[in-house]
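A.B. asks: requesting a structural model of the entry that follows:
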Amino acid sequence: MYSIPHRENSLWPTLTASRPGEVWLILAPYRIAEIECVVIPQLALRGQVHIIVGGHSYDVDGILRGLRTLTPDAAALYQHIRQRRAPTMYQMRALLKNTPETNEPLLVLNFLNHYFAEDEEFWKSQYMLQDTITELHRLSRLAPVVITSRPPEPKHPSFSHFFDQLQGMNARIIEIHPSPAPQQSRLFGECA
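C.D. replies: Next up is the predicted model:
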């Protein structure tokens, strides 16, 4: 497992080494702007890229800003990006099952959001996740697959179980830790 502090443009050099047959799992406690602002635009510059968004946090403006840094015709380059949303785990599974194997890189953003929903039965979520992982392996045969997710939270035991299933898929895991916030010195010392 790679463990890197979050620095500007720290993911792109790592992901350029990805090859067909590989699945990358990027774990971060927050949405990574670099995915939208650097990785997706760079992949679009190379050709078609397919994105499936599993949550509501997706920065189209960030993608366009990233594209504008690469070319004056960002709108034309934006046409290389195929994006779909999967608001539920059932739709995530259906989208992946209906996605043909291609040589286009696939990014699945906010992957685990739906699998630990309070209103779903654990066994059903577990089955759906296992089936979805099988689809991710199928799609990685011809092109790399990059998955983003939040790391497991100790208070949510089912989330930890799903995370263990993801780790069991032989993915290359990158765990991003936020850079420590600078300490502000106190003017009058510590308060009691």
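A.B. asks: shouldn't Asn103 be in contact with Pro144?
C.D. replies: No - using CB atoms under 8 Å, Asn103 is not in contact with Pro144; the gap is 9.9 Å. From N, CA and C alone the C-beta is placed, and that goes for glycine too.
A.B. asks: mind listing the helices for this protein?
C.D. replies: Assigned by DSSP state H, the chain shows helices spanning 12-15, 33-34, 40-46, 60-70, 74-78, 89-97, 122-139, 157-167.
A.B. asks: out of these, which is closest to Leu25?
C.D. replies: Evaluated with CB to CB, the helices of the chain place helix 157-167 nearest to Leu25, the distance being 5.8 Å.
A.B. asks: for stretch 36-54, buried residues please.
C.D. replies: Residues of stretch 36-54 classed as buried by neighbour count (16 or more other CB atoms under 10 Å): 36-44, 49-54.
A.B. asks: so what sits against both of Asn103 and Pro144?
C.D. replies: Common contacts of Asn103 and Pro144 (CB atoms under 8 Å, 6 or more residues apart in numbering): Pro20.
A.B. asks: looking at these two, which one has more neighbours?
C.D. replies: Taking neighbours as other CB atoms under 10 Å, Asn103 and Pro144 compare with Pro144 leading, 22 against 11.
A.B. asks: nearest residue to that one in space, please, no chain neighbours.
C.D. replies: Spatial nearest neighbour of Pro144, chain neighbours left out: Ser18 (3.8 Å); criterion: CB to CB, 6 or more residues apart in numbering.
A.B. asks: looks like the one you found contacts Ala171 (just checking).
C.D. replies: No - between Ser18 and Ala171 there is no contact under CB under 8 Å: 11.0 Å.
A.B. asks: between these two, what contacts are shared?
C.D. replies: Residues touching both Ser18 and Ala171 (CB under 8 Å, 6+ apart): Trp24.
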